[in-house]
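Enquirer: Below is the sequence, then the predicted model.
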Amino acid sequence: MTEKTGLRRRDLKGPDEFISTFGRTIAWCKENRTKFAAGAIGVVAVVALALGARAYMQMEENKSARDLWPALDRAQGILSAPYAADPSQLASVERILQEHVSRYPNTRDTVYSLYYLGSIAFYRGNPDLAISRFRSGIATGKETGIMKYLLLQGIASSLEAKGDFMAAASSYRDAEAVAGAGMKTESMMGEARVLALAGKKSEAAALYRRILKETPDTPLRDLVEIQLAQTE
């Protein structure tokens, strides 16, 4: 007795169609070797270009770091207290940083150079130049972690130095949004301070109270309470 499989002719149509289509594809490739080869070469070229660009960018990052960090190590004392540095030494460090930014404009380490250039401009009493340099650091799109906070804080401090208190308050809020736990209080105090300077003492007082509520054990508690008393 013949066993029935339950398969019908149309159930076998799929594999037949696949085999037929595959055969037609092979035949087309044989007849159009030049077109097929050009297409394959094009795909390989795109992949190779992508991999090559990635390798080049990493090479640029490595070169950027090698050029910058030895100079920063030597200048650490100057950059930690630029207001007390010898003017000629500070000018030398500034030149090195500017050259680094020009040579490697799109690397992660350029963010550090722009931050220090902004800090130097700030301590020289040029807040507009400082703001420009800090914003350039953010514009690279490579400011991550603490650097984003430091750049935003630098902009806020520079705006405060200019007397643009409301813009400074907004920038301190931006810094607060990306601040780590230990730095958030500093940004909040900066915002409260410039709000008071702008005549918005009730808003400043509310912010000082928020600091005391959110961080009751802050080492700045005494200072916060003094500032709060002056706004009430």
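Expert: Yep, it's here.

Enquirer: Next, name the residue at the spatial heart of this structure.
Expert: Central residue of the chain (C-alpha atoms, centre = their mean): residue 143, 2.1 Å from the mean position.

Enquirer: Quick check on that residue: phi, psi?
Expert: Taking degrees, to the nearest 10, you get phi -80, psi 110 for the backbone angles of residue 143.

Enquirer: what's the distance between it and residue 118?
Expert: 12 Å (C-beta to C-beta, to the nearest Å). In short, each C-beta sits where N, CA and C put it, glycine included.

Enquirer: what does residue 98 give?
Expert: 12 Å.

Enquirer: who's more crowded, the two?
Expert: residue 118 (27 against 14; other C-beta atoms under 10 Å).

Enquirer: Now find how far off-centre the helix or strand containing that one is within its chain.
Expert: Using DSSP states H and E, residue 118 sits within helix 108-123. Once both centres are worked out by C-alpha atoms, centre = their mean, to the nearest Å, helix 108-123 turns out to sit 14 Å from its chain's centre.

Enquirer: Let's test this: mean pLDDT of it, rounded?
Expert: Across helix 108-123, pLDDT averages out at 89.

Enquirer: Tell me the helices and strands packed up against it.
Expert: Applying 3 or more C-beta pairs under 8 Å, 6 or more residues apart in numbering; DSSP states H and E, one finds that helix 108-123 contacts helix 33-74, helix 76-80, helix 87-103, helix 127-139, helix 146-162.

Enquirer: In that helix, which of the residues would be classed as buried?
Expert: 109-122 (16 or more other C-beta atoms under 10 Å).

Enquirer: Also stretch 216-232?
Expert: Buried residues in stretch 216-232 (16+ other C-beta under 10 Å): 218, 224, 227, 228, 231.

Enquirer: could you redo those as TSV and give each row secondary structure, distance to residue 174 and pLDDT?
Expert: Listed next are the buried residues of stretch 216-232 as TSV, based on DSSP: H, G, I helix; E, B strand; the rest coil; distance: C-beta to C-beta, whole Å; pLDDT from 0 to 100:
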residue	secondary structure	distance to residue 174	pLDDT
218	coil	21	86
224	helix	21	88
227	helix	21	90
228	helix	23	89
231	helix	22	87
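
Enquirer: Can you tell me which of those is nearest residue 200?
Expert: Residue 200 lies nearest to residue 231 out of those, by C-beta to C-beta, at 9.3 Å.

Enquirer: That closest one against residue 208, yeah?
Expert: Yes - with contact defined as C-beta atoms under 8 Å, residue 231 counts as touching residue 208 (6.7 Å).

Enquirer: Contact partners for the closest residue to residue 69 other than its chain neighbours?
Expert: Take residue 69 and drop its neighbours on the chain: the residue closest to it by C-beta to C-beta, 6 or more residues apart in numbering is residue 109, 7.5 Å away. Listed by C-beta atoms under 8 Å, 6 or more residues apart in numbering, the contact partners of residue 109 are 61, 64, 65, 68, 69, 100.

Enquirer: Let's see that with 6 Å instead.
Expert: 64, 65, 68 (C-beta atoms under 6 Å, 6 or more residues apart in numbering).

Enquirer: now it: how far from residue 140?
Expert: Applying C-beta to C-beta to residue 109 and residue 140 gives a distance of 10 Å.

Enquirer: Find the least confident helix or strand in this protein, judged by mean pLDDT.
Expert: The helix or strand of the chain with the poorest confidence is helix 13-31; it has a mean of 50 (mean pLDDT, DSSP states H and E).
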